[in-house]
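Asker: Predicted model and sequence follow; I will ask about them next.
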Amino acid sequence: MDGMVTPAPSATRATVRPWDLGARARRLRLVLTDCDGVLTDGGVYYSDQGEAMKRFSVRDGMGVRRLRDAGIESAIVTQEESACVARRAEKLGLSHLFLGVADKQAHLPTILEETGLALDQLAYIGDDVNDLGILAEVGREGITGAPADAMPEVLDTVQFRSVARGGAGAFRDFAEWLLRLRQGGAG
């Protein structure tokens, strides 16, 4: 599945040239992802005890593995405090999980400190307005993406638009695109 490099509307994004994306991809050490709407379809099953289940794509799990094999870790950054997400992160062997993050952009310095990475070593994929701040920040030096069904204002700001919807392989699509970029392939 090939994504599409999209021109971004802001002056900051206008300085990103397609040939810079390969260099950025080669510096990547960590791909951050939102959960609901990227790793899931955004739906939640509730029982009388509360949140019961979320559906995750095994293809996205393979994307995490393929990135790891290339020396790139993955981490989830989500507003939710969800046992389901914690279990999925454990299953995927994620070394970092950021639950209950109300302001993802404000939490970015903590992420950088905990991981020991610089902004230019990050990628981020998100789908909704609460991702706009961190997408703008990461997009200055790193790489950003969104699922096909992301909110229009998110699609307008990212460097990669997946052809897959959230929960249906969008993370895997982003991962494969990043891997192709690292190898000098076209985006």
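Answerer: All right, it came through fine.
Asker: mean confidence for the helix or strand where Ala75 lies?
Answerer: Ala75 is part of strand 73-77 when elements are defined by DSSP states H and E. Across strand 73-77, the average pLDDT comes to 98.
Asker: Now the element after it, going C-ward?
Answerer: helix 83-92.
Asker: Moving C-terminal from that following helix, which element do we reach first?
Answerer: strand 96-98.
Asker: Do I have it right that Gly71 meets Leu30?
Answerer: No. Between Gly71 and Leu30 there is no contact under Cβ atoms under 8 Å: 10.4 Å. Any C-beta I mention is one placed from the backbone N, CA and C, and that applies to glycine too.
Asker: Mind checking which of these two has more residues around it?
Answerer: Leu30 (21 against 9; other Cβ atoms under 10 Å).
Asker: what's near enough to touch that one?
Answerer: 72-75, 96, 115, 117, 121-123 (Cβ atoms under 8 Å, 6 or more residues apart in numbering).
Asker: do that again at 6 Å, thanks
Answerer: Leu30 makes contact with 73, 115, 117, 122, according to Cβ atoms under 6 Å, 6 or more residues apart in numbering.
Asker: ok, what's across the strand from the nearest residue to the first one once chain neighbours are set aside?
Answerer: Spelled out, that is Glu73. Spatial nearest neighbour of Glu73, chain neighbours left out: Leu30 (5.0 Å); criterion: Cβ to Cβ, 6 or more residues apart in numbering. Going by DSSP bridges, Leu30 is paired in beta bridges with Glu73, Leu122.
Asker: which intervals of this structure have sub-threshold pLDDT?
Answerer: Confidence mapping of the chain against pLDDT under 70 gives the ranges 1-19, 51, 185-187.
Asker: make it 80
Answerer: Residues of the chain that meet the criterion pLDDT under 80 lie in 1-19, 44-53, 185-187.
Asker: Distance check, the residue nearest to the spatial centre of it against Val58.
Answerer: Centroid-nearest residue in the chain, with Cα atoms, centre = their mean: Ile125, separated by 2.5 Å. Going from Ile125 to Val58 by Cβ to Cβ, to the nearest Å gives 17 Å.
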